[in-house]
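Participant: sequence plus the predicted model coming up.
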Amino acid sequence: MANLGLSTVQLLMTLLAFSALWSGMWLALDISYAITLILSVPAAGFLIRLFVIQHDCGHQSYFNAARANDWVGRALGVLTLTPYGYWRKTHAAHHATSGNLDRRGVGDITTLTVREYRALSPMRRWLYRLYRNPIVLFMLVPTILFVVLRRLPIESAAHRRDALFSILANNVALAGVMAAMIALIGVTDFVKIQLPIMVVASTIGVWLFFVQHQFEHGYWRAEDEWDFEQAALQGSSYLRLPKVLQWLTANIGLHHVHHLSSRIPNYRLQACLDRFPELVREAHEISLIGSLKCATLALWCEERQRLIRFRDVRMARGRVVALERRVRLG
């Protein structure tokens, strides 16, 4: 399905736009740092677009040749701070297990059921609540994830030799690029430019990944009830973005289509959606404003088959206590 011409043009245009904005941020340092910070937002947008291209390479969908996918993916991994080989394996696991309650933990956002949450000790409940706090999850975790955690083989999935090599190679290449840039413009200017880009891009990237799977009427099932197609269509959202943002994020919001067939390159997802109206009818459509309501969802309620908030658990517990009290008094 990949088209060499379309893939090459998209890649080169995105790299050119990112490089131009990065250069503009550097030139703006002599005028006003406020201009540099303003330019960091569109620069982060194009970095996200590069990440989606790397993501397509990981699915072997961006080029028809496996080597082209892998080498472009590795090169882009230096810009996105993402070890390509390691990420490719964990992301494949995410696609193979998304929405499966018995196979959580690889390449996804930690999500507990209500029953699991209630079984935790008070300290572990507090830690889970801290992790799922929107300020922590969207403002602290993204930068820590890309800048620190993806530099280290700390997950069990990273203990294989090929995963270790991927992380090490990415770190070495990244160190080389950073050293060259610092030698060219100085460490202070480099940090002033690169840090805001990475903070903004990682925050938006984690947010996009979150709303693609963490919405109220999502899909989580036990292994014996789990179905790949249902998980794709019901457990992945259709994030309807304004056209300019949909283009900038390379159609990643059409996530249910992507999970249904990950070999479709990003520039063909909209055509697939247009060709098959049932993909719109079956989708859980979320608007940009509506996606904000997903931020506080934190627990999967197996009884109600939906994601709920912590306060919903407290309210349900309060109703049970009130009912038990009435039964005793009656």
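Facilitator: Structure's in. What do you need?
Participant: show me which positions of stretch 38-56 end up buried.
Facilitator: 39-40, 42-56 (16 or more other C-beta atoms under 10 Å). The way it works is simple: take the backbone N, C-alpha and C, and place the C-beta from them, glycine included.
Participant: how about stretch 149-169?
Facilitator: Buried residues in stretch 149-169 (16+ other C-beta under 10 Å): 150-151, 153, 158, 163, 166-167, 169.
Participant: again, but for stretch 186-196
Facilitator: Here stretch 186-196 shows 189-190, 192-194, 196 as buried, counting by 16+ other C-beta under 10 Å.
Participant: any chance of JSON lines for these, columns distance to residue 217, pLDDT and secondary structure?
Facilitator: Supplementary listing: those in JSON lines, determined by distance: C-beta to C-beta, whole Å; pLDDT from 0 to 100; DSSP: H, G, I helix; E, B strand; the rest coil:
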{"residue": "189", "distance to residue 217": "47", "pLDDT": "97", "secondary structure": "helix"}
{"residue": "190", "distance to residue 217": "45", "pLDDT": "97", "secondary structure": "helix"}
{"residue": "192", "distance to residue 217": "43", "pLDDT": "97", "secondary structure": "helix"}
{"residue": "193", "distance to residue 217": "41", "pLDDT": "98", "secondary structure": "helix"}
{"residue": "194", "distance to residue 217": "39", "pLDDT": "97", "secondary structure": "helix"}
{"residue": "196", "distance to residue 217": "36", "pLDDT": "97", "secondary structure": "helix"}
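Participant: now, the buried residues of stretch 149-169 that are in helices?
Facilitator: 163, 166-167, 169 (DSSP state H).
Participant: export the residues you listed to TSV and tack on pLDDT and distance to residue 90?
Facilitator: Formatted as TSV, these follow (pLDDT from 0 to 100; distance: C-beta to C-beta, whole Å):
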residue	pLDDT	distance to residue 90
163	82	8
166	92	10
167	93	11
169	95	16
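Participant: ok, back up a step: which one of the buried residues of stretch 186-196 is nearest residue 116?
Facilitator: residue 196 (37.4 Å; C-beta to C-beta).
Participant: which residues touch the residue nearest to the closest one when sequence neighbours are not counted?
Facilitator: Nearest residue to residue 196, sequence neighbours excluded (C-beta to C-beta, 6 or more residues apart in numbering): residue 40, at 4.0 Å. Residue 40 makes contact with 25, 193, 196-197, 200, according to C-beta atoms under 8 Å, 6 or more residues apart in numbering.
Participant: try 7 Å
Facilitator: 25, 196-197, 200 (C-beta atoms under 7 Å, 6 or more residues apart in numbering).
Participant: who wins on neighbours among those?
Facilitator: residue 197 (25 neighbours; other C-beta atoms under 10 Å).
Participant: ok, now how distant is residue 255 from residue 309?
Facilitator: Distance, residue 255 to residue 309, by C-beta to C-beta, to the nearest Å: 22 Å.
Participant: whoops, residue 93 was the one
Facilitator: In terms of C-beta to C-beta, residue 93 sits 28 Å off from residue 309.
Participant: cool, residue 184 as well?
Facilitator: 48 Å.
Participant: residue 224 too?
Facilitator: Taking C-beta to C-beta, one finds residue 224 at 28 Å from residue 309.
Participant: who has more neighbours, the two?
Facilitator: More crowded of residue 224 and residue 309, by other C-beta under 10 Å: residue 309, with 16 against 6.
Participant: show the pLDDT at that one.
Facilitator: If you check residue 309, the pLDDT there is 95.
Participant: neighbours of the closest residue to it other than its chain neighbours, how many?
Facilitator: Excluding the flanking residues, the one nearest residue 309 by C-beta to C-beta, 6+ apart is residue 296, at 5.0 Å. Neighbourhood size, residue 296 [other C-beta under 10 Å]: 15.
Participant: A strand includes residue 296, no?
Facilitator: No: counting by DSSP: H, G, I helix; E, B strand; the rest coil, residue 296 is not found in a strand; it is coil.
Participant: same for the helix or strand residue 142 falls within, what does it pack against?
Facilitator: Secondary structure assignment for residue 142, by DSSP states H and E: helix 141-147. Contacts defined by 3 or more C-beta pairs under 7 Å, 6 or more residues apart in numbering; DSSP states H and E place helix 141-147 against helix 187-213.
Participant: distance between the helix it packs on and the chain's centre?
Facilitator: Using C-alpha atoms, centre = their mean, to the nearest Å, the mean C-alpha position of helix 187-213 is found 12 Å from that of the whole chain.
Participant: mind listing the helices for the stretch 201-330 of the chain?
Facilitator: 228-235, 243-248, 255-260, 269-275, 278-281, 288-291, 310-329 (DSSP state H, counting those that start in this stretch).
Participant: contacts made by the helix or strand residue 76 falls within with the rest, please.
Facilitator: Secondary structure assigned from DSSP H and E places residue 76 in helix 66-80. With contact meaning C-beta under 7 Å, 6+ apart, helix 66-80 is reached by 11, 47, 50-51, 53-54, 57-58, 60, 62-63, 83-84, 170, 173-174, 177.
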